[in-house]
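Novice: sequence and predicted structure are below.
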4 protein chains.
Amino acid sequence: MNEHTPLTRAERQRLQLQAEIIEAAFLEFSERGYHQTAISDIAKRLGIGHGTFYRHFQNKRDILDKVILDTLYKITALLAEENAPDAVSTLEDYIIQCERIADRFQQFAKDNPKTVRLILLEATSIDKEMTAHINNLLHMGGLFVANYLNNGIQKGFLKANLDTEMTGHAVVGIIIAGALRFLSDVENPKMLEQYAYAAVQLLISGVAA
Amino acid sequence: MNEHTPLTRAERQRLQLQAEIIEAAFLEFSERGYHQTAISDIAKRLGIGHGTFYRHFQNKRDILDKVILDTLYKITALLAEENAPDAVSTLEDYIIQCERIADRFQQFAKDNPKTVRLILLEATSIDKEMTAHINNLLHMGGLFVANYLNNGIQKGFLKANLDTEMTGHAVVGIIIAGALRFLSDVENPKMLEQYAYAAVQLLISGVAA
Amino acid sequence: MNEHTPLTRAERQRLQLQAEIIEAAFLEFSERGYHQTAISDIAKRLGIGHGTFYRHFQNKRDILDKVILDTLYKITALLAEENAPDAVSTLEDYIIQCERIADRFQQFAKDNPKTVRLILLEATSIDKEMTAHINNLLHMGGLFVANYLNNGIQKGFLKANLDTEMTGHAVVGIIIAGALRFLSDVENPKMLEQYAYAAVQLLISGVAA
Amino acid sequence: MNEHTPLTRAERQRLQLQAEIIEAAFLEFSERGYHQTAISDIAKRLGIGHGTFYRHFQNKRDILDKVILDTLYKITALLAEENAPDAVSTLEDYIIQCERIADRFQQFAKDNPKTVRLILLEATSIDKEMTAHINNLLHMGGLFVANYLNNGIQKGFLKANLDTEMTGHAVVGIIIAGALRFLSDVENPKMLEQYAYAAVQLLISGVAA
DNA sequence: AATGAATGAGCGTTCATTCAT
DNA sequence: TATGAATGAACGCTCATTCAT
């Protein structure tokens, strides 16, 4: 079968159902929590027999991995859309870049509050392995930010003596806090904008007069 | 019972046992996780019968509340020890104050990694009520920081146009990220110091050159 | 369909597939055990869909019957090949006959250890009906042996007062014990020969000096 | 606690219940078969909650071991009651000894048909480990018989050239066949007596005239 | 006729909670 | 008051069987 072979109808249906199960599991996990969700809840939401679940996923832990992976794809895609760290050369452009990224995060959070809840609140306490996954994601996020900071130093518009990795982690923290604020008051989108503005201000020039 | 009534021996023993159960539950919850901990695990750790547990606490969820409450007391006490927001009047003193607070957080994290884990990773996913508790804690943290910032504005050493509440939340995010970094690599205390240094730098003057 | 109607190609293929399913089921049942074998295991072994199974057999229990029946045919055929009970007239010939039959059993066990295992170990515990089948087989075996003994009495070279039926059953027991010994140590074919020799000795003249 | 410390009431009740569960499991396993028996069947028979079962036994396989062990004790006790192999010195005494042992087996089978069924029919196909146990039991039985035969050779009343071990196994087979005959027709106790008589005849002097 | 996706009854096991002692 | 035996709801998972394609 080469890459041009179209999927058979059965294969398409299979993939379709798998995607639907992942989606249903995602919704259950993010709404009720992983431990509070029974396989039969996922099946019931879809209107399928709960044995059907096991035709497509090994076990409950397996689909959590798939759901998280699926979710990480979304997040990765969000970041990948951004232009490269070295695309800017001046502080002004950098600020614009930061604001654009902040906008993107805001939009993502508003569009996918359940994803945010799943990753930041739920997935942190399933088991050690999943906690390590999330930790790793955040770590990568910090390094990702550090890249942007390194570019700024190289271009001369950021402080030369920045500890870019640590600062990168701090920026991730700023983003997390915004996300948590948002989750606690989803009905108030204005707040997120204010937060983003203050966060970029803080990032660029700190609080000192 | 008024404040002058001395506790009977029996009452003192009762309170003592309750405190021990809370401590044992804290350890189990933070080490194994809430869902992975059975009531009998808590009882076994203390060497009491697990029926005894129900003489002192309504149910499993009840003791989680007590454990978290207990933990929040500790954290509150940590912050309360700090001198008042209006104790400083210059940027230099403010920086020193920030560094001292950062030290305190570092020390607290190093002394109580299990507390940090419980609050930041575990308690976020028990149920909506508990998540709300944690959110509230973080919110209070943001307002707490905002107080310090407001003092700085009033004294003229911080930017007058700061959105102090939002910036306060961002600072909480910075602290959270540091705590998460620490949890992911508890064996590396140096990292925490570097992070604290970078975080204070970021807070005071941002990243711009 | 009378005996002259040739089977159509489709019919032949159908019978062929049924025989293959029975063979596959036999292998699975004897290797893993009836309860540990899933219908899909049988289908997988053959490389057919497991739905196909139900086009040829009513249910799991049904094919066990077929497998056992098939196996009993083999065993019956083994015995039928033997020359008639009345073919011998002297004790010497009888001993030779016994040794030949013992050889045949040895050869059968060595050639078909899985059959032996299925009949003696596995089939005894499926349900009452199957246990009755096996019991019946053993009973027939006892009567079969009794025929040989009766011939010996008639010809005068065996004890006249033998309870031939009971003795026949005892002989079946001797054979069973040999088979079980063999199954417990399949890698040691010598043992079977020694056992057969001792068994014939016992049968002919007992243990008394 | 020394060996004279009487058990507390709670301990006695605990042991009592465990014994009752083992008895109930024994009855279910021997009547319905291991695989056909659910833990809830055992509990229902006793009128206890099925969770209670797990307070006393690790899992389903665990209680099977206990049931079988319990059963093997009974059988071992049966044989241990018999006088020693070297208690007889003449063929006549040996025959009497054989008949007495045969009587004992008859009595045991009549008293414990379910035990016989469990060991010979059911336990042979639970899993490889249990099959090995049963095989081992039969092997020990063969060696046990061999001891008696060796004594006879030493005393000179049995054939000097007997392969005692193989002959011992054959005798075990004779016993098994009797047990199986009995199980297939429990209502006919006469048959067992006839079988025993014929079996001893066969053992002592074989079938030859 | 062959397939394998779907189904759901059924079972082993856990554990929060109750309650008799 | 402390205990731990008892309970049964709940859940993860398997697999024989059905049936649309």
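Specialist: Ah, there it is.

Novice: I'd like to know which elements the lengthiest helix in chain A is packed against.
Specialist: In chain A, with assignment by DSSP state H, the single longest helix is helix A:128-155. Where contact means 3 or more C-beta pairs under 8 Å, 6 or more residues apart in numbering or on different chains; DSSP states H and E, helix A:128-155 is packed against helix A:60-81, helix A:91-111, helix A:164-184, helix B:164-184. Every residue, glycine included, has its C-beta placed from N, CA and C.

Novice: list the buried ones in the following helix or strand past the last one?
Specialist: Sequence order places helix B:189-205 as the next helix or strand after helix B:164-184, per DSSP states H and E. The neighbour-count check on helix B:189-205 (16 or more other C-beta atoms under 10 Å in any protein chain shown) flags B:191-192, B:194-196, B:198-205 as buried.

Novice: state the mean pLDDT of stretch A:146-154.
Specialist: Model confidence over stretch A:146-154 averages 96 on the pLDDT scale.

Novice: wait, stretch A:38-46
Specialist: Across stretch A:38-46, pLDDT averages out at 97.

Novice: so is that stretch next to DNA strand F?
Specialist: Yes - residues of stretch A:38-46 contacting DNA strand F under C-beta under 7 Å from any atom of the strand: A:38-40.

Novice: show me which of these are buried.
Specialist: Buried subset of the residues of stretch A:38-46 next to DNA strand F (neighbour count, 16+ other C-beta under 10 Å): A:Ile39.

Novice: out of the residues of stretch A:38-46 next to DNA strand F, list just those in helices.
Specialist: Mapping the residues of stretch A:38-46 next to DNA strand F onto helices (DSSP H) picks out A:39-40.

Novice: distance check, the spatially most central residue of chain A against A:Glu81.
Specialist: Central residue of chain A (C-alpha atoms, centre = their mean): A:Ile75, 3.9 Å from the mean position. From A:Ile75 over to A:Glu81 the distance is 11 Å, taken as C-beta to C-beta, to the nearest Å.

Novice: ok, residues contacting the helix or strand of chain A with the lowest mean pLDDT?
Specialist: Sorted by mean pLDDT, DSSP states H and E, the helices and strands of chain A end with helix A:60-81, the least confident at a mean of 90. With contacts defined as C-beta atoms under 8 Å, 6 or more residues apart in numbering or on different chains, helix A:60-81 is touched by A:21-22, A:25-26, A:29, A:34, A:39, A:42, A:53, A:57, A:104-105, A:108, A:112, A:115, A:118-119, A:123, A:126, A:130, A:133, A:137, A:144.

Novice: out of those residues, which end up buried?
Specialist: Among the contacts of helix A:60-81, the ones that count as buried by 16+ other C-beta under 10 Å are A:21-22, A:25-26, A:29, A:34, A:39, A:42, A:53, A:57, A:105, A:108, A:112, A:115, A:118-119, A:123, A:126, A:130, A:133, A:137.

Novice: secondary structure element holding the residue of chain A found nearest chain C?
Specialist: Minimum separation of chain A from chain C (C-beta to the nearest C-beta) falls at A:Arg55, amounting to 11.7 Å. Taking DSSP H and E as the definition, A:Arg55 sits inside helix A:50-56.

Novice: was I right to think A:Leu192 contacts A:Asp111?
Specialist: No - counting by C-beta atoms under 8 Å, A:Leu192 stays clear of A:Asp111, with 12.0 Å between them.

Novice: now for the helix or strand harbouring A:Val116, which elements pack on it?
Specialist: Here A:Val116 sits within helix A:113-117, counting by DSSP H and E. Under the contact definition 3+ C-beta pairs under 8 Å, 6+ apart, helix A:113-117 sits against helix A:9-32, helix A:60-81, helix A:91-111, helix A:164-184.

Novice: how is chain A divided into domains?
Specialist: A:1-57, A:64-205 (automatic domain parsing).

Novice: residue ranges with poor pLDDT in chain A?
Specialist: Low-confidence segments of chain A (pLDDT under 70): A:1-6.

Novice: and chain A, which of its residues are near DNA strand F?
Specialist: Residues of chain A found near DNA strand F (C-beta under 7 Å from any atom of the strand) are A:9, A:37-40, A:50-51, A:54, A:59-61.

Novice: which residues are in contact with A:Val186?
Specialist: Residues in contact with A:Val186 (C-beta under 8 Å, 6+ apart) are A:Pro113.

Novice: DNA strand F versus that one, what's the distance?
Specialist: With distances taken as C-beta to the nearest atom of the strand, to the nearest Å, A:Val186 is found 26 Å from DNA strand F.

Novice: pull the contacting residues for the nearest residue to A:Leu180 once chain neighbours are set aside.
Specialist: Excluding its sequence neighbours, the residue lying closest to A:Leu180 (C-beta to C-beta, 6 or more residues apart in numbering or on different chains) is B:Leu138, at 6.1 Å. Neighbour list for B:Leu138: A:177, A:180-181, B:169, B:172, B:176 [criterion: C-beta under 8 Å, 6+ apart].

Novice: quick one: end-to-end length of stretch A:32-44, please.
Specialist: End-to-end span of stretch A:32-44 (C-alpha to C-alpha, to the nearest Å): 14 Å.

Novice: revised request: answer the last question for stretch A:159-168.
Specialist: End-to-end distance (C-alpha to C-alpha), stretch A:159-168: 14 Å.

Novice: before we move on, the earlier item: neighbour-wise, which one of the residues of chain A next to DNA strand F leads?
Specialist: The member of those surrounded by the most neighbours (other C-beta atoms under 10 Å in any protein chain shown) is A:Thr37, with 22 neighbours in all.

Novice: quick check: closest non-adjacent residue to it.
Specialist: A:Glu28 (4.3 Å).

Novice: please apply the same query to A:Leu7.
Specialist: Closest residue in space to A:Leu7, ignoring its immediate chain neighbours: A:Leu15 at 7.2 Å, by C-beta to C-beta, 6+ apart.

Novice: what of A:His35?
Specialist: Excluding the flanking residues, the one nearest A:His35 by C-beta to C-beta, 6+ apart is B:His35, at 4.6 Å.

Novice: out of the residues of stretch A:38-46 next to DNA strand F, which one sits closest to DNA strand E?
Specialist: A:Ser40 (8.3 Å; C-beta to the nearest atom of the strand).

Novice: wait, doesn't that closest one sit right on A:Gly51?
Specialist: No - between A:Ser40 and A:Gly51 there is no contact under C-beta under 8 Å: 10.0 Å.

Novice: re the thing from before, now render the helices and strands packed on helix A:113-117 as a markdown table, adding distance to D:Glu99.
Specialist: Output for those, formatted as a markdown table (distance: least, C-beta to C-beta, whole Å):
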| stretch | distance to D:Glu99 |
| --- | --- |
| helix A:9-32 | 71 |
| helix A:60-81 | 64 |
| helix A:91-111 | 91 |
| helix A:164-184 | 87 |
